[in-house]
Structures are given as structure tokens and as C-alpha cells.
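J.: Whatever this is, show me its structure:
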Amino acid sequence: MRAQDSQDAPLFGEDDDNIRPTKSRIRHPLVSFFHLFFRTSAILVYLLCDIFSSRFIACMVTIILLLSCDFWTVKNVSGRLLVGLRWWNQVDGDGKSHWIFESRKTHNLNSASSAESRIFWLGLIVCPVFWVIFMFSTIFSFKIKWLAVVIMGLVLQWANLYGYVRCRVGGTSDLRNIAKNYLGVQIFKQAMKETETR
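T.: So this is what the prediction gives:
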């Protein structure tokens, strides 16, 4: 898959002039709720499945349905409404895959609520960490039958995380170069502080 294409296209609701800037209140409570609901529900069902049910298939189907609902909700609804970002993958006529990244124009970013932005990014970053922990615990405890479910959770949630991080930093930017540049700037700042104190 190639990650080259980036678009700065308007998202739905972006052309509304009635949007008032909000900094801390939640403008989309239902979207914020479902952004976290499917993610945390899948994790809770995974953790509590052995306690409440001995049926592996029923638990697996429930978790995969929750993960699928989460993937769709985050990718198509909460990303657009909470932080003004959207991504998708498109295959052209030659069969080449292109990642497309969209972000709300900068003059409308002030309409995003800082509380909603924190909810979005916190849910997007923390939940995949749980699936990484589950993967290692599944391997080390030899519960191999759960490995497919854990990998599904990891793949779906990391795909959304990757897509939105690419939207945030710019679709054409290489994440490795961004990390190197950031570390270079931090090292330079630290060196400048040390020379100033001498």
C-alpha cells in the first residue's frame, strides 16, 4: 500500500458559518459516547468472557462485532465530527492502493472542542495498547484460540490509529522523518540549554 496522496477537502458540515468556536464543552455527546463505547465494550467482553460464558464462539463473535462497529464509527463518524479528520484507502484502475487523507481547513479548526479532541485521541491511543498487552498475555498463557480475536482487535484499532496520525501530521509526510526531525529539534534544544548554562 502506498501512502502518498493527501487532500485538503471540505468535510461535511464544514461550510456552515453558524459554527461557534468552543473550547471545552462537548458539542457531540452521542458521538463521543460511541467513540469510547464500542472500544471499551470489546475490551470488557474480552476480559470478562471467561467469567460469564464458557462459549468461545459466542464471545468471539460478540467481540468481533464490537470491534467492527468501533472501526466503522471511528473511521466514518467520530474522526470527522470530533477532530475534523478523515482517511480511506482507494484502489485505482491499475490496481495500486492509495491512502487518502483529509483534514478540515485550518480556519475551521477552532470550531473543534478541546474536550472532544482529548476524548478522541485518548480513546484512539489507549485502547490499542490494551490489545498489545492482550496479545502478549495470550501467547504467554498459551490461550492460542484467543489469538485470532486479539490480532483482529489489534489490526482494526491500529489501522484507525495509523490513519488518523497520518491525517494529523500530514498525509504526504513520512512518519519516520517526522520522528527524526522531532528528535533532532529536541537534541538541539537540549544542547542550546547546556551551552547557555555554561
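
J.: CA atoms for contacts and neighbours, from now on please.
T.: Will do.

J.: Going by neighbour count, list what's buried in the longest helix along the chain.
T.: In the chain, taking DSSP state H as the definition, the longest helix is helix 114-140. Across helix 114-140, burial judged by 16 or more other C-alpha atoms under 10 Å covers 114-117, 119-121, 123-125, 127-128, 131-132, 134-135, 138.

J.: quick one: the helices in this protein?
T.: Using DSSP H, helices in the chain cover 29-52, 56-73, 114-140, 147-169, 175-197.

J.: Make TSV from the ones you listed and add mean pLDDT and distance to residue 79 to it.
T.: Conversion of those to TSV gives the following (pLDDT from 0 to 100; distance: least, C-alpha to C-alpha, whole Å):
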stretch	mean pLDDT	distance to residue 79
helix 29-52	91	9
helix 56-73	93	8
helix 114-140	92	8
helix 147-169	91	8
helix 175-197	64	20
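
J.: Go ahead and confirm residue 168 touches residue 84.
T.: No: with contact defined as C-alpha atoms under 8 Å, residue 168 does not reach residue 84; the gap is 9.6 Å.

J.: Could you check which of these two is surrounded by more residues?
T.: Between residue 168 and residue 84, counting by other C-alpha atoms under 10 Å, residue 84 is the more crowded of the two (26 against 16).

J.: Just give me the residue closest to the centre of this protein.
T.: Geometric centre of the chain, nearest residue: residue 161, 3.0 Å, by C-alpha atoms, centre = their mean.

J.: Against residue 153, how distant is that one?
T.: Residue 161 sits 12 Å away from residue 153, taking C-alpha to C-alpha, to the nearest Å as the criterion.

J.: Quick check: pLDDT value at residue 22.
T.: According to the prediction, residue 22 has pLDDT 45.

J.: for the one 4 residues further on, same thing?
T.: As summarised for this prediction, residue 26 has a pLDDT of 80.

J.: what residues are up against it?
T.: 113, 115-116 (C-alpha atoms under 8 Å, 6 or more residues apart in numbering).

J.: ok, so of those, who is nearest residue 62?
T.: For the contacts of residue 26, the residue nearest residue 62 by C-alpha to C-alpha is residue 116; the value is 27.5 Å.

J.: what's near enough to touch that closest one?
T.: Contacts of residue 116 (C-alpha under 8 Å, 6+ apart): 24-28, 32, 82-83.

J.: swap the cut-off to 10 Å and go again
T.: 23-29, 31-32, 78, 81-83, 122 (C-alpha atoms under 10 Å, 6 or more residues apart in numbering).

J.: So which bits of stretch 158-171 are buried?
T.: Across stretch 158-171, burial judged by 16+ other C-alpha under 10 Å covers 158, 160-161, 163-168, 170-171.
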